[in-house]
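Engineer: Output the structure for:
(chains A and B)
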There are 2 protein chains.
Amino acid sequence: MEFTLEDISEAEVARRRDLYAPLADTVRDLIDAVIRTEVGDDAIDDARRRIAAVVDDLRAEQIDGPYGVRYTREYTGMPWGNAVIGLRNAIAPPIRTERVPEGVRASFTLGAAYEGPGGHVHGGVCAMILDHVLGEGASSDDVPCYTGTITMRYLRPTPLGELTAASWITEREGRKKIVRGTLSDAAGVTVEADGIFIVPKSWDGPMPRKSRD
Amino acid sequence: MEFTLEDISEAEVARRRDLYAPLADTVRDLIDAVIRTEVGDDAIDDARRRIAAVVDDLRAEQIDGPYGVRYTREYTGMPWGNAVIGLRNAIAPPIRTERVPEGVRASFTLGAAYEGPGGHVHGGVCAMILDHVLGEGASSDDVPCYTGTITMRYLRPTPLGELTAASWITEREGRKKIVRGTLSDAAGVTVEADGIFIVPKSWDGPMPRKSRD
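Structural biologist: Residues are numbered from 1 along each chain as shown, chains lettered A, B, ... in the order given. Now for the predicted structure:
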């Protein structure tokens, strides 16, 4: 997998985080408002025109293609375009995992933009988040790996609102790691996941650790 | 699962589709621009303020909570808030499945907002889309069902760009349906999926068919 070097200081990383995170958060708010608004037709057209004008201004200078996965010389991760954790990506909730003794965990809130069945999280969104959190859990021993297979068991519908995801390595055999994970609401587990993760043959030393934001 | 009746004519559904789809498409464009822009700090701050003002205007009148799953009296589906297919939901690519003799298929393009590894689709996004497309394939016999388990096998990284997803029922036994699916680029399959879908015990007749948009 490709990484891009961002040859900038830690202070500059922090400055950019403070600049872009509020912009993406405002776009997250916009996504929700576009789903839920009941203003009249003229107001909808007006909103569309104003957003299109902002798009034009932002596109006046832009990178070619996607953001990529960026690291500084100090191995500070800047996965800011990532669909699940990217701070510049308004599609991402964004999830922020933390290391815990047994693996990783993340708490987050999912609103209207993540709906599938009425009032509930789309099963595909549950799968998306568990795929990511299992990947982070699989790497929590600092040995890099990629996803081989992953199985989701849907125990009951996951309500929109405050949720927790967690994952941990249960077994290692050769280049395989077996990883488990859960998605839970306040009443308990809603979706269970099992994954088989593979350590690349080429791995022979340390790699950049995944960043949490 | 809950459904909401939208007591409106087919002409009114079409009118609202033409009103909201361009707005959400413009927000999709904005999400991409926010990831890729390189304009200066003042321009970023200006963009954030202008978007926040649009949010305020759209929120002047809005529904409480999420959009829900809506149908007209003619069973025309309006899953417009859905995270994968919702035409009012800028997080959704949106996917539009079509019925084919063997099940369902969908062609779509994923850009910067769906990135995981550099230049490639996030594995969780692959899982999200396959979960949805398998669900549509599972219901392609018009017998409703919900997802029990689903397994993804990642054969190789999925490049960003033009992709196709497909799914079909391979087997039925009692209240279970076994469903397979694939995600593919021009060179072939990148992710395979298998799912077990369950027909609810309460099912004893026709249900609203899932809408394609």
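Engineer: just the strands in chain A please.
Structural biologist: A:4-5, A:70-71, A:77-78, A:98-100, A:103-110, A:146-154, A:161-173, A:176-185, A:188-198 (DSSP state E).
Engineer: So is the last one next to chain B?
Structural biologist: No - counting by C-beta under 8 Å from any C-beta of the partner chain, no contacts exist between strand A:188-198 and chain B, the nearest distance being 9.0 Å. No exception for glycine: its C-beta is placed from N, CA and C like everyone else's.
Engineer: returning to that earlier point: how about the strands of chain A, which one is nearest residue B:54?
Structural biologist: Proximity to residue B:54, assessed across the strands of chain A by C-beta to C-beta, is greatest for strand A:103-110 (22.5 Å).
Engineer: Report all helices and strands that that closest one contacts.
Structural biologist: Packed against strand A:103-110, as judged by 3 or more C-beta pairs under 8 Å, 6 or more residues apart in numbering or on different chains; DSSP states H and E, are the following elements: strand A:98-100, helix A:123-138, strand A:161-173.
Engineer: can I get these in JSON lines with mean neighbour count?
Structural biologist: Shown next, in JSON lines, are those (neighbours: other C-beta atoms under 10 Å in any protein chain shown):
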{"stretch": "strand A:98-100", "mean neighbour count": "12"}
{"stretch": "helix A:123-138", "mean neighbour count": "28"}
{"stretch": "strand A:161-173", "mean neighbour count": "17"}
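Engineer: for the ones you listed, which one sits closest to chain B?
Structural biologist: Relative to chain B, the nearest member of the helices and strands packed on strand A:103-110 by C-beta to the nearest C-beta is helix A:123-138, separated by 3.5 Å.
Engineer: how about CSV for the strands of chain A, with mean pLDDT and distance to residue A:28 added?
Structural biologist: Supplementary listing: the strands of chain A in CSV, determined by pLDDT from 0 to 100; distance: least, C-beta to C-beta, whole Å:
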stretch, mean pLDDT, distance to residue A:28
strand A:4-5, 90, 25
strand A:70-71, 92, 21
strand A:77-78, 92, 19
strand A:98-100, 97, 21
strand A:103-110, 98, 11
strand A:146-154, 97, 25
strand A:161-173, 97, 16
strand A:176-185, 97, 20
strand A:188-198, 98, 23
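Engineer: Take the ones you listed and lay them out in JSON lines including distance to residue B:72.
Structural biologist: Below are the strands of chain A laid out as JSON lines (distance: least, C-beta to C-beta, whole Å):
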{"stretch": "strand A:4-5", "distance to residue B:72": "49"}
{"stretch": "strand A:70-71", "distance to residue B:72": "47"}
{"stretch": "strand A:77-78", "distance to residue B:72": "46"}
{"stretch": "strand A:98-100", "distance to residue B:72": "45"}
{"stretch": "strand A:103-110", "distance to residue B:72": "27"}
{"stretch": "strand A:146-154", "distance to residue B:72": "29"}
{"stretch": "strand A:161-173", "distance to residue B:72": "29"}
{"stretch": "strand A:176-185", "distance to residue B:72": "32"}
{"stretch": "strand A:188-198", "distance to residue B:72": "31"}
